[in-house]
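Visitor: got a sequence here, can you model it:
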Amino acid sequence: MLFAIYYEMTPERRDEVLKRFQKFGDAAPKGMKVVGNWLSVTLLEGWSIVEANDIADLGKLFQSWTDLNVNHITPVFDEDAAHRFLSANKK
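Guide: Residues are numbered from 1 along each chain as shown. Model prediction:
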């Protein structure tokens, strides 16, 4: 399952967040794949797409960031899955 993550950093915590990111990167737990990461030009917000079969794996990844960031995590599906979903639900 794919998840879209939007995270926010406060200016006071930004440098600490970036330092931790440089140290640990986006290392995902076994069984999970980070599709991509993007940061805003201000370095105060970012976006990630991750693939995880177990929601607990996603929790493990973000557990070490909740002390610094506000993380908004939303299950999503790609365009092909959206077309299948819409086709299956036509009335």
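Visitor: give me the low-pLDDT residue ranges for this structure?
Guide: Along the chain, the model assigns pLDDT under 70 to residues 25-27, 91.
Visitor: ok, which stretches of it are strands?
Guide: With strands called from DSSP state E, the chain shows them at 2-8, 32-39, 45-52, 70-76.
Visitor: neighbouring contacts of the second one?
Guide: In other words, strand 32-39. By Cβ atoms under 8 Å, 6 or more residues apart in numbering, the residues outside strand 32-39 that reach it are 2, 26, 28, 45-54, 57-58, 61. Where C-beta positions appear, they are placed from N, C-alpha and C, glycine not excepted.
Visitor: number of residues surrounding residue 3?
Guide: By the measure other Cβ atoms under 10 Å, the count of residues near residue 3 is 19.
Visitor: residue contacts, it?
Guide: Residue 3 touches 49-52, 58, 73-76, counting by Cβ under 8 Å, 6+ apart.
Visitor: out of the strands of the chain, nearest to residue 82?
Guide: strand 70-76 (9.2 Å; Cβ to Cβ).
Visitor: much appreciated, bye for now.
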